[in-house]
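[1] just the structure for this:
(2 chains)
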Protein chains: 2
Amino acid sequence: MKAPRGFHFTAGTAGLKASGTQDVAMAWSDTPLAWAATTTQNQLTAACVQRTRTRVASGDPVFGVVVNSGNANCATGPAGDAADERMAQAAAAATAVPTADGMLTASTGVIGVPLPVEDLVVPTLQKCGREASDDVSGFAQAILTTDLVTKTVEVTVPGGARMVGIAKGSGMIHPNMATMLAFVFTDAQVDQDDLRSIWPETVASTFNQVSVDGDMSPNDMAMVFASGHVPAALDDVKAALGEVAETLAKAIAADGEGAATRLDVHVTDAASVPEARAAARAVAGSSLVKTAVHGRDPNWGRVLSAVGQSGLAWDTRRLKVAVQGVTVFDGQPVPFHGMELATKMDRPVVTIEVSIGVGDADAWAWGCDLSEGYVRINADYTT
Amino acid sequence: MKAPRGFHFTAGTAGLKASGTQDVAMAWSDTPLAWAATTTQNQLTAACVQRTRTRVASGDPVFGVVVNSGNANCATGPAGDAADERMAQAAAAATAVPTADGMLTASTGVIGVPLPVEDLVVPTLQKCGREASDDVSGFAQAILTTDLVTKTVEVTVPGGARMVGIAKGSGMIHPNMATMLAFVFTDAQVDQDDLRSIWPETVASTFNQVSVDGDMSPNDMAMVFASGHVPAALDDVKAALGEVAETLAKAIAADGEGAATRLDVHVTDAASVPEARAAARAVAGSSLVKTAVHGRDPNWGRVLSAVGQSGLAWDTRRLKVAVQGVTVFDGQPVPFHGMELATKMDRPVVTIEVSIGVGDADAWAWGCDLSEGYVRINADYTT
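    You can find the predicted model right below:
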């Protein structure tokens, strides 16, 4: 996939991952970028998250971002903060970005292990900084950890601007230490303040609706960068951002560890958007619903129970539940053909719709089934 | 196990369970009992929960409780409410309890299926009401669903009063539709108002600390009954209740579906008890921690991340984490012998201790490992 105008991409292999695959990546511009970022709500925060928050607070433009996978550089103390800063310095030097502050940082991988920045990361960045490309595929590959597939999406903004989204993450019950990272690059012309006002809402309705409770790892971040080469209407940029973020959110859910099925949950007719979002997350995040989806069991009782646990305003008599378009509860149980519906659930995506019947707010959430494979992956994943 | 003075127990087989095992049970007294009950916080509530709340609000004494397993009588509409009331009537008639209001009801099992009360439950209650016994074992067996073992405990209150606790439940990530039910019977003399002031706090620190987020099924209830035959000091009754409830809570966690290991989490030095409780629940309920325990992996990163998600006040530099008594994090990672600690984790109970280091509040939570067996049980469990 080709980079939007004004962006360079590169990736390299520092040796941070046991697999020996690419594990550092950079994306940058020769000119300052408008940008916005959201960071994890976890109290435990990696060095890169703390640094990103400082950059956000400064309000300064940036030129790009450097990412490493295989090591989260989290719970690594002051030495970890220094390593993170050193990674930014080396990335800026390697890409001719004027200051270290001009490069954001992101890390993903195992936590509590010192990042061998001087020995492994710095020389690799120096090398790959000379290998700039307008192809994003190396970047998309290098940021992965337990992901099975790269996650990229491209949309064209009316007027001709391009927008490319790249993500990694495993759409887990709780997102893995491996973290959710999302980066959106566009050559659209958009004011930084506008970008910052749009981005949190975009993230709230997409990335934060993946998996249980919107829980986040200590490293989770979602960033957007705009190089400003192509004029675009703000509403069009906003719509494109929503499309890119939703596509990436679904891709993360579908690539959940051990997952065979993506679970899409649509809650409608709720009293408020926050209630609809919480209810959708509760269903998508319920282990009982997730195992039922794995077993092709249209278990509406578990769906009702999950919604009920989210604490929203409801009246059982107004509730409707549909699985794969088949109504299974409408104020009371609705008879359905179990075998037929089980067959309909044997698809890559299972959709559960819940109408609360008390208002007009709606929200989506995305998850995946819970399989024996998930347990195996996470029981064997080492410290 | 012998019943406390003044209580009769019985159980029978109505045919509500596919297994054909005992599925109705009653416990009652010939004289009015002091009692207290807490019910699920789920918005979805079974008929028995709604009825119990009405009885609680009335403040009237009761004479006993009737329980059925195999059918939750939940999301069954007005017919379900009528079936629940009918079960109480039949139980009262079968035990010579003066009014239906004198019998509480509890149901556990599959939701959304009409309870065949007239055909199956009523005649069975009539029959087993004539088979009163002072042995609690039939009751303890009949209330089970997916449980592998009965859960009973007996303690003696200073002064000679006896207290017997009986529970069922599967200690799941989210408690199964199969529900957590707990019943405590004592012949201690205790005022109903005192019992009602003690019980919620006892439940908060024990049953509500089992599994994720204190999430509850639509049928969860915990009840205590006192026949008043033996004088006892209130503080002694309170201590005995705490011991009984904690023992049952641990038994429920240990019998988690597919579980091989009970997970005990002790959070200390937190700023407040609610924060300590939430943090302990977050650790005990984290799928990543649970799979790590299953894999004998002392993954303190997942522990920190779970604590961080509970949103409590902390400072990473003051945090300590110990697994099976071995400190693995003390402001920063502490080196430990991985193989040796993995061997120490190969026990029926794994204990994780987290010191927050900012106050003096503490709390326990109990969970279990997450295994492939859990997925199999819940993927195959039918609607």
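[2] in chain A, what helix or strand scores lowest on average pLDDT?
    helix A:372-380 (a mean of 70; mean pLDDT, DSSP states H and E).
[3] need the residues of the stretch 1-150 of chain A near chain B, please.
    By CB under 8 Å from any CB of the partner chain, the residues of the stretch 1-150 of chain A that approach chain B are A:41-45, A:72, A:74-77, A:110-113. All C-beta spots, glycine's among them, are computed from the backbone N, C-alpha and C.
[4] okay, and which of the residues you listed map to helices?
    A:Gly77 (DSSP state H).
[5] switch the residues of the stretch 1-150 of chain A next to chain B over to CSV; also include neighbour count.
    Shown next, in CSV, are those (neighbours: other CB atoms under 10 Å in any protein chain shown):
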residue, neighbour count
A:Gln41, 14
A:Asn42, 25
A:Gln43, 19
A:Leu44, 24
A:Thr45, 23
A:Ala72, 31
A:Cys74, 31
A:Ala75, 25
A:Thr76, 23
A:Gly77, 15
A:Val110, 21
A:Ile111, 28
A:Gly112, 23
A:Val113, 19
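[6] ok, the residues of the stretch 1-150 of chain A next to chain B vs B:Leu234, which is closest?
    A:Gln43 (39.5 Å; CB to CB).
[7] ranges for the helices of the stretch 151-300 of chain A?
    A:192-205, A:234-254, A:273-285, A:287-294, A:300-309 (DSSP state H, counting those that start in this stretch).
[8] among the ones you listed, which comes closest to A:Asp220?
    Nearest to A:Asp220, of all the helices of the stretch 151-300 of chain A, is helix A:192-205, at 10.1 Å by CB to CB.
[9] so where's chain A shaky on pLDDT?
    Applying pLDDT under 70 to chain A flags the ranges A:170-178, A:212-216, A:257, A:377-383.
[10] show me where it has strands.
    A:7-12, A:24-39, A:62-71, A:103-110, A:151-156, A:162-168, A:181-188, A:221-230, A:262-270, A:320-323, A:326-330, A:349-355, A:361-368 (DSSP state E).
[11] who does the fourth one touch, helix- and strand-wise?
    Helices and strands touching strand A:103-110, as assessed by 3 or more CB pairs under 8 Å, 6 or more residues apart in numbering or on different chains; DSSP states H and E, comprise strand A:24-39, helix A:47-58, strand A:62-71, helix A:77-95, strand A:221-230.
[12] quick one, which of those is packed in tightest?
    Of the helices and strands packed on strand A:103-110, the one with the most neighbours on average (mean count of other CB atoms under 10 Å in any protein chain shown) is strand A:62-71, at a mean of 27.
[13] what angle do that one and strand A:7-12 make?
    On the basis of axes from the mean of the first three to the mean of the last three CA atoms, to 10 degrees, strand A:62-71 is oriented at 20 degrees to strand A:7-12.
[14] dump strand A:62-71 to PDB, restricted to CA.
    In PDB, the C-alpha atoms belonging to strand A:62-71 read as follows (Å, rounded to 0.1, in the frame of the first residue of the first chain):
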ATOM      1  CA  VAL A  62       5.600  16.500  15.200                       C
ATOM      2  CA  PHE A  63       7.300  15.000  12.200                       C
ATOM      3  CA  GLY A  64       6.700  11.300  12.700                       C
ATOM      4  CA  VAL A  65       6.700   8.300  14.900                       C
ATOM      5  CA  VAL A  66       9.100   5.400  15.700                       C
ATOM      6  CA  VAL A  67       7.700   2.100  16.900                       C
ATOM      7  CA  ASN A  68       9.300  -1.000  18.300                       C
ATOM      8  CA  SER A  69       7.700  -4.400  18.800                       C
ATOM      9  CA  GLY A  70       8.800  -7.300  21.100                       C
ATOM     10  CA  ASN A  71       9.500  -5.100  24.100                       C
END
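[15] tell me, how many residues neighbour the residue nearest to A:Thr268 when sequence neighbours are not counted?
    Excluding its sequence neighbours, the residue lying closest to A:Thr268 (CB to CB, 6 or more residues apart in numbering or on different chains) is A:Asp362, at 4.3 Å. If you count neighbours by other CB atoms under 10 Å in any protein chain shown, A:Asp362 ends up with 18.
[16] check A:Val203 too.
    Around A:Val203 there are 22 residues (other CB under 10 Å).
[17] test my guess that it contacts A:Ala37.
    No - A:Val203 lies out of contact with A:Ala37 (CB atoms under 8 Å); the separation is 9.4 Å.
[18] what touches both of these two?
    By CB atoms under 8 Å, 6 or more residues apart in numbering or on different chains, A:Val203 and A:Ala37 have these common neighbours: A:Ala222.
[19] wait, A:Leu341 touches A:Val326, no?
    Yes - using CB under 8 Å, A:Leu341 makes contact with A:Val326 at a distance of 5.3 Å.
[20] show me what counts as buried in stretch A:330-348.
    Of the residues in stretch A:330-348, A:333, A:336, A:341, A:344-345 count as buried by neighbour count, 16 or more other CB atoms under 10 Å in any protein chain shown.
[21] what's the closest of the residues you listed to B:Thr146?
    Using CB to CB, A:Pro333 comes nearest to B:Thr146 of these, at 21.7 Å.
[22] what would the helices of the stretch 151-300 of chain A look like in JSON lines with distance to chain B?
    Formatted as JSON lines, those follow (distance: least, CB to the nearest CB, whole Å):
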{"stretch": "helix A:192-205", "distance to chain B": "17"}
{"stretch": "helix A:234-254", "distance to chain B": "15"}
{"stretch": "helix A:273-285", "distance to chain B": "9"}
{"stretch": "helix A:287-294", "distance to chain B": "4"}
{"stretch": "helix A:300-309", "distance to chain B": "3"}
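[23] end to end, how far does stretch A:143-158 reach?
    30 Å (CA to CA, to the nearest Å).
[24] oops, could you answer that again for stretch A:116-136 instead?
    Across stretch A:116-136, first to last residue, CA to CA, it's 25 Å.
[25] same check, this time on stretch A:145-155
    Using CA to CA, the two ends of stretch A:145-155 sit 25 Å apart.
[26] quick check: buried residues in that stretch?
    A:145-147, A:150-155.
[27] same thing with stretch A:1-19?
    So for stretch A:1-19, counting by 16+ other CB under 10 Å, buried means A:1, A:3-14, A:16-17.
[28] now swap in stretch A:268-282 and tell me
    For stretch A:268-282, a neighbour-count test (16+ other CB under 10 Å) marks A:268-270, A:275-282 as buried.
[29] want to throw those residues into a markdown table with distance to A:Ile198?
    A markdown table is the format used below for the buried residues of stretch A:268-282 (distance: CB to CB, whole Å):
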| residue | distance to A:Ile198 |
| --- | --- |
| A:Thr268 | 24 |
| A:Asp269 | 27 |
| A:Ala270 | 23 |
| A:Glu275 | 23 |
| A:Ala276 | 20 |
| A:Arg277 | 18 |
| A:Ala278 | 22 |
| A:Ala279 | 25 |
| A:Ala280 | 22 |
| A:Arg281 | 22 |
| A:Ala282 | 27 |
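[30] for the residues you listed, work out which two are farthest apart.
    For these, the maximum inter-member distance is 17.0 Å, found between A:Asp269 and A:Arg281 (CB to CB).
[31] so what's the gap between stretch A:251-269 and the chain middle?
    13 Å (CA atoms, centre = their mean, to the nearest Å).
[32] nearest to B:Ser286, out of the helices of the stretch 151-300 of chain A?
    helix A:287-294 (11.7 Å).
[33] show me what the closest one is packed up against.
    By 3+ CB pairs under 8 Å, 6+ apart, helix A:287-294 packs against strand A:262-270, helix A:300-309, helix B:372-380.
[34] one more time with 10 Å, if that's ok
    On a contact count with 3 or more CB pairs under 10 Å, 6 or more residues apart in numbering or on different chains; DSSP states H and E, helix A:287-294 meets strand A:262-270, helix A:273-285, helix A:300-309, strand A:349-355, strand A:361-368, helix A:372-380, helix B:372-380.
[35] turn the ones you listed into TSV, including distance to B:Arg318.
    Listed next are these as TSV, based on distance: least, CB to CB, whole Å:
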stretch	distance to B:Arg318
strand A:262-270	39
helix A:273-285	31
helix A:300-309	33
strand A:349-355	43
strand A:361-368	35
helix A:372-380	28
helix B:372-380	34
